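Trainee: Pasted the sequence and its predicted model underneath.
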Amino acid sequence: MRILEACSLALKNIRASKTRTILTMLGIIIGVMAVIVIVGLGLIGGSIAKALKLNTPHRVLGMDISDDALLDACSCGAIDGKATPSDLEKADLVYLSIYPEDILDFVRRYGKRLKPGCILTDACGIKGEICAAMEELSQGAAYQFVAGHPMAGKEQSGFAASDPSIFAGASYILVPGKASPEAVDTMETLARQMGFGRVVKVTPEEHDRNIAYTSQVPHVLACAYVLSPRCKQHQGFSAGSYRDVSRVANINDVLWSRLFLDNRQCLLEELDELMGNLEKFRQAVDLGDEGQLRQLLRQAAQIKREVG
């Protein structure tokens, strides 16, 4: 009899937990005020906070190691207040906009405090290692983890540079993993409410392969480009081309070195491809081979016209 009673109680708890989860997510989707905690109020975290306050009725709380960032965020209305560890227990959604290794440290420290139905998400620029580690950390957890990556930014960093308009029409990448369809739908709804124009759902591997090409290689290229001695003499000789290629060289070295190394295999493959193509151009110029040079330029122009 005790076994039957224990089984019955367990089933009731599961049903209750699932009901709380669905109600929490439904509330966010239909616009009922939810409690959202944003951990990390830098460029992206600050922009998310501002976008949420601008476009949703939700209560937004912030956590950051910088008291100045918290004060600025409160002063301008980006957050409703500073979050404490006890606030995490009431949160319907927790946004981790911090460095990759800090995400895991945070979850190890506070994950068990999150209530059933809470959605835990991130804004990290790599997914393979994070998702694998989070899958292990999330086993048996009350929360649901939905990995995310807002494809927006600019060359400045910190809360002072945060701006919700950077999300307008941009893409938001979701890596559903083992999260429920309801949790994924909630994140998609929230992304669109913040102004994102497109939501893309992929695996961690697809994310990291594509990000190596669309984001990491351009940052490497920009940094390599400005390392030329000619960079210091560009004034008076530069225009749009210089600005376009060099813009993201104003880089956060701590963050990007970690992103590069955490995605090293995908990045190396793309760098090898880039260096191979550069060598083709170099050979054509070195040999004075106008035919080969024009062929390479035509091929590049055609691809750009086709894909945009």
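Mentor: Perfect, thanks for sending it.

Trainee: which one is residue 81 nearest to, not counting chain neighbours?
Mentor: Leaving aside its sequence neighbours, residue 81 sits nearest to residue 61 (Cβ to Cβ, 6 or more residues apart in numbering; 5.6 Å). Placement of C-beta: from N, CA and C, glycine included.

Trainee: tell me what whatever helix or strand that neighbour lives in is packed against?
Mentor: Assigned by DSSP states H and E, residue 61 belongs to strand 59-63. If contacts are counted by 3 or more Cβ pairs under 8 Å, 6 or more residues apart in numbering; DSSP states H and E, strand 59-63 sits against strand 35-39, helix 43-55, helix 67-75, strand 81-82.

Trainee: ok, it: who's next to it in the sheet?
Mentor: Strand 59-63 sits in its sheet next to strand 35-39 (parallel), strand 81-82 (parallel), going by DSSP bridges.

Trainee: how about that strand as PDB, C-alpha atoms only?
Mentor: The C-alpha trace of strand 59-63 is given here as PDB (Å, rounded to 0.1, in the frame of the first residue of the first chain):
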ATOM      1  CA  ARG A  59       9.000  42.800 -14.400                       C
ATOM      2  CA  VAL A  60      12.700  42.800 -15.300                       C
ATOM      3  CA  LEU A  61      15.400  42.500 -12.600                       C
ATOM      4  CA  GLY A  62      19.100  42.600 -13.100                       C
ATOM      5  CA  MET A  63      22.200  40.900 -11.700                       C
END
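
Trainee: neighbouring contacts of it?
Mentor: The contact list for strand 59-63 (Cβ atoms under 8 Å, 6 or more residues apart in numbering) reads 33-41, 45, 49, 52-53, 69-70, 73-74, 78-83, 87, 91.

Trainee: For residue 145, which three-state class applies?
Mentor: Here residue 145 is recorded as strand under DSSP: H, G, I helix; E, B strand; the rest coil.

Trainee: Now do it: how many residues are near it, please.
Mentor: By other Cβ atoms under 10 Å, 27 other residues sit near residue 145.

Trainee: cool, residue 302 as well?
Mentor: When counting by other Cβ under 10 Å, one arrives at 10 neighbours for residue 302.

Trainee: Where does it fall, secondary structure wise?
Mentor: Assigned by DSSP H and E, residue 302 belongs to helix 290-307.

Trainee: What segments of this protein are strands?
Mentor: Listed in chain order, the strands of the chain (DSSP state E) span 35-39, 59-63, 81-82, 93-96, 119-122, 144-151, 171-175, 198-201.

Trainee: thinking again about what came up before, quick one: which of the strands paired with strand 59-63 is nearest residue 165?
Mentor: Between residue 165 and the strands paired with strand 59-63, the tightest spacing by Cβ to Cβ is seen for strand 35-39, at 17.8 Å.

Trainee: Let's test this: mean pLDDT of the closest one, rounded?
Mentor: Mean per-residue pLDDT for strand 35-39: 97.

Trainee: quick one: the closest residue to residue 78 other than its chain neighbours and residue 77, what's the gap?
Mentor: Residue nearest to residue 78 in three dimensions, not counting chain neighbours: residue 49, with 4.3 Å by Cβ to Cβ, 6+ apart. Distance, residue 49 to residue 77, by Cβ to Cβ, to the nearest Å: 9 Å.

Trainee: the more surrounded of these two?
Mentor: Legend: neighbour count by other Cβ under 10 Å for residue 49 and residue 77, higher for residue 49 (27 against 12).

Trainee: circling back: just the buried subset of the contacts of strand 59-63, written out for PyMOL, thanks.
Mentor: For the buried members of the contacts of strand 59-63, the matching PyMOL selection, counting by 16 or more other Cβ atoms under 10 Å, is:
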select buried, resi 34+35+36+37+38+39+40+41+45+49+52+53+69+70+73+78+79+80+83+87+91
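
Trainee: Spatially nearest residue to residue 95 (excluding sequence neighbours)?
Mentor: Using Cβ to Cβ, 6+ apart and skipping residues adjacent in sequence, the residue nearest residue 95 is residue 38, 4.5 Å away.

Trainee: thinking again about what came up before, will you turn the strands of the chain into JSON lines that also has distance to residue 260?
Mentor: JSON lines is the format used below for the strands of the chain (distance: least, Cβ to Cβ, whole Å):
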{"stretch": "strand 35-39", "distance to residue 260": "23"}
{"stretch": "strand 59-63", "distance to residue 260": "27"}
{"stretch": "strand 81-82", "distance to residue 260": "33"}
{"stretch": "strand 93-96", "distance to residue 260": "20"}
{"stretch": "strand 119-122", "distance to residue 260": "18"}
{"stretch": "strand 144-151", "distance to residue 260": "16"}
{"stretch": "strand 171-175", "distance to residue 260": "18"}
{"stretch": "strand 198-201", "distance to residue 260": "22"}
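
Trainee: Good, we can wrap up now.
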